[in-house]
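Visitor: with the input below, show me the fold.
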Amino acid sequence: MEIERKFKLAAFPDFPEESFIEQWQGYLAVDPEVRIRREVNHTQGWERFVLCIKSVGDLVRHEVETPLEQTQYEELASMLAYPLIHKELHAYRLEDGYLLECSRVDDGAFSYAEVEFPTEEAANAWQPLDCLGKEMTYESGFRMRTYWSNRSLAEKIK
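Guide: Numbers count the residues shown, from 1 in each chain. Sure thing, here's the model as predicted:
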C-alpha cells in the first residue's frame, strides 16, 4: 500500500540532500498503471530495474513492485510507443523523519514533491512545509500517467 501526498513544486528546498536518483520510466498501460522504471542512485552507487503496478486512487493506492533483470526491462522498453520519461529525484530527510522526494521531470517540464506515510492518519495530520507549493494529492490530472498520456498524444500529432 502506498500512502502519499503530492505537491506542485516551484523550487527545490535548500536542505541537505540524502540521495540523488535518476529515473527513466514508461507506461505499458495507464489504467491501472503498469510501468517500467530504471533507477540509478548516484549517491549510493546502485542501479535497479522495476516493474510497478499501481491501482487508481489519490492519497492511498495499492502498489506492487517487482524487480526486473536489465534484459527484461530493455525488452519491455522496446514495446513502448513513446520515449521514456526522465526524472531527477532529490531526496531529503525531514526533521520529523519523513522523506521528501522532489522530482524534476523531462528537463524541467514540471517539478513535483511527494512525502510517503505509514498510515492515512499520519498523512492527514502532517503539516506541509512552507517550501512546498500547492497540494495536488486529490487533483486527478496531476499524475505521471496523465503526463505520459498527454505527452504521448502530443507525439502522435506531430
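
Visitor: nearest residue to Arg48 in space, ignoring adjacent ones along the chain?
Guide: Distances taken as CB to CB, 6 or more residues apart in numbering place Glu39 nearest to Arg48, at 5.3 Å, with adjacent residues excluded. Every C-beta, even on glycine, is put in place using the N, C-alpha and C of the backbone.

Visitor: give me every residue that touches that neighbour.
Guide: With contact set as CB atoms under 8 Å, 6 or more residues apart in numbering, Glu39 has these partners: 21-23, 47-50.

Visitor: buried members of these into ChimeraX, please.
Guide: To isolate the buried members of the contacts of Glu39 in ChimeraX, using 16 or more other CB atoms under 10 Å:
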select :21,23,49,50
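
Visitor: return the subset of the contacts of Glu39 lying in strands.
Guide: Secondary structure assignment by DSSP state E places 21-23, 47-50 of those in strands.

Visitor: which residue ranges of this protein form helices?
Guide: With DSSP state H as the criterion, the chain has helices at 70-77, 120-125, 144-156.
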